[in-house]
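A.B. asks: Sequence first, predicted model second:
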Amino acid sequence: MTEPKIPLWEVFIRSRNGLAHKHVGSLHASDATLALQAARDLYTRRGEGLSIWVVPSHAITASDPADKGMMFEPAASKIYRHPTFYDVPDEVGHM
Amino acid sequence: MYTQALNAGAVGAGQPPGEDAALLARFQERVDADQRIEPNDAMPEAYRRTLIRQISQHAHSEIIGMQPEGNWLTRAPSLRRKAALLAKVQDECGHGLYLYAAAETLGIAREELVDQLLTGKAKYSSIFNYPTLSWADIGAIGWLVDGAAIMNQIPLCRCSYGPYARAMIRVCKEESFHQRQGFEIMLTLARGTSAQKAMAQDALDRWWWPCLMMFGPPDAASQHSDTSTRWKIKRFSNDELRRKFVDATVPQAHFLGLTLPDPDLRFDADSGHWEFGAIDWDELRRVIAGDGPCNADRIAARRCAHEDGAWVREAALAFAAKRQAKQAA
C-alpha cells in the first residue's frame, strides 16, 4: 500500500445566476480537469449548479481558530462603523 | 477549513497525555451550547477518534452498499427501474465520498481509510452482508434498509461535528427518493400476480430482522452510547430509533398487504407503540464478526475493484506529473 497519494481539491459551486460560488465539499483527483469532472459527478447530480470552481486544498490559507480573539476583536469594538451609531432626528425621515 | 489536516497522518497524536481537564470542560461547554465543532477547533482526542471511527464506518457502508443492489442492475425488469436503480447506486457512491471527505477533516488520509476497509480492520453495516436473491430484494432494500438508514441519519444532521452534519444534510435529501423507489417496487409486486406477491413477502421475511439489527445492539449492551450522547454525536439511543422505525414501517407493510415475520408483533394501545419479538443478537454478532452470508464476497469484490483500478490511478498521476513538468519548462 505505497501508492502515491492523490491530491485533495475544494469544490465551490454557483447554484444560481447572481449568487456567489459557495464551498460544498472536497474530493481527490490527480489534476484540475479530473477534479472538475469528479465535482460535476459528485456535487451536481440534481442540477445544483451553473458553475464549478475547484481549488487545490493546499493553496488555501486559513485563519487559526485559536487566533479568533486577536483576529476579529478590532471589528467588534468599532460600533461607529454601523449606521445605528449615528443619531438622525425622526423628522428627517428614512436615511 | 478542510486543508491542513489532510493527508498528514494523525494530527491529534501529539496531544498531551491525560488531556487537561480545562480543555475537556471548555469543549463540553461549547457542545452543550449547541455550537458546531469545526475541523481545526480544539477537541478531545477521544472525540476525534470516535468520529473517525463512526464516519468512516458510515462511508464504508455506503461503498459496500453499492454491491447488493449493483447485483440487479443488469437484470432490472424495465428501463424505468434500471435507470432509477443506477441513479440510486451512484448516489450511494456519492454518499460514501462525502463521508470520506468529512472523516478526512479529522486528520486521517483517504488512503488509510480505504486500507482499513480492504484489510478488514474497519467495519461496515451488517446489513450489506446479506445476499439479494430476487428483484423483490431491491424493493425491500430501498423501503426497509434505506428507511432504517434515514431514521438513523436524520438526527445526525444536527450532530455536533460540522462537516459530518453538513454531509448528512446532503445525504438525507437524496435518500428519500431511495426509500420511495423501494416502496414503489414492493407495491407493484404486492399488487401483481400471486407469484409476484409471494416474491415480495419472501423478501420482507428475509430483510425484516436484519433491518432491525441495523440500529445496533440494545441500549443496555451498547459500548459507545454514553459519551456519544454527551458529545451530541448521537441524539437518540439505538432502541429509540429502532422503535421509531418499527412504528413507521408496520402500517406500511399492512398497506402492502404483507405479513411481518414476527408472531409476537402487536400494537400496544397504552404506549401507542408496536411491540416486537426478541431479536437474535447472536446473528448480529456473527455477521459483524465476519461470518455473515456475504462478508467474504463483499470484501473480495472491493479489493478486486481497488486493484483493478490501480493502473488508472497510476496513469492519471503520471499524466498530471508530465503536464506539470511541461508547464514548468
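C.D. replies: Received the coordinates, thanks.
A.B. asks: number of nearby residues for the residue nearest to A:I79 when sequence neighbours are not counted?
C.D. replies: Take A:I79 and drop its neighbours on the chain: the residue closest to it by CB to CB, 6 or more residues apart in numbering or on different chains is A:F85, 5.3 Å away. Where you see a C-beta, it was placed from the backbone N, CA and C, and this is true even at glycine. With neighbours defined by other CB atoms under 10 Å in any protein chain shown, the count for A:F85 comes to 9.
A.B. asks: cool, B:E38 as well?
C.D. replies: Residues lying near B:E38 (other CB under 10 Å) number 14.
A.B. asks: same deal with the one 4 residues further on?
C.D. replies: Using other CB under 10 Å, the number of residues around B:A42 comes to 13.
A.B. asks: quick one: the residue nearest to it when sequence neighbours are not counted from chain A, how far?
C.D. replies: Setting aside the residues directly before and after it, B:A42 is nearest to B:L23 in space (CB to CB, 6+ apart), at 5.9 Å. Using CB to the nearest CB, to the nearest Å, one gets 12 Å for the distance from B:L23 to chain A.
A.B. asks: For B:L23, grab phi and psi.
C.D. replies: phi -60, psi -50 (degrees, to the nearest 10).
A.B. asks: By mean pLDDT, point me to the weakest helix or strand of chain A.
C.D. replies: Using mean pLDDT, DSSP states H and E, helix A:68-76 stands out as the lowest-scoring helix or strand of chain A, at a mean of 81.
A.B. asks: ok, residues contacting that helix?
C.D. replies: The set of residues that contact helix A:68-76 without belonging to it, under CB atoms under 8 Å, 6 or more residues apart in numbering or on different chains, is A:63, A:81.
A.B. asks: Could you pull out the helices in the chain for me?
C.D. replies: Because you didn't say which chain, this covers chain A. With DSSP state H applied, chain A shows helices at A:32-43, A:68-76, listed in chain order.
A.B. asks: looking at chain B here, not the other one
C.D. replies: Using DSSP H, helices in chain B cover B:21-32, B:45-64, B:66-70, B:79-104, B:110-118, B:135-140, B:146-156, B:162-190, B:194-213, B:225-230, B:238-256, B:281-286, B:295-308, B:310-328.
A.B. asks: weakest of those helices by average pLDDT?
C.D. replies: Averaged per stretch, pLDDT over the helices of chain B is lowest on helix B:225-230, reaching a mean of 84.
A.B. asks: Output that one as PDB, nothing but the C-alphas.
C.D. replies: Coordinates of the C-alpha atoms in helix B:225-230 are reproduced here as PDB (Å, rounded to 0.1, in the frame of the first residue of the first chain):
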ATOM      1  CA  SER B 225     -23.600   5.400  23.500                       C
ATOM      2  CA  ASP B 226     -22.900   7.400  26.700                       C
ATOM      3  CA  THR B 227     -20.000   9.600  25.600                       C
ATOM      4  CA  SER B 228     -21.500   9.900  22.100                       C
ATOM      5  CA  THR B 229     -24.700  11.300  23.600                       C
ATOM      6  CA  ARG B 230     -22.800  13.700  25.900                       C
END
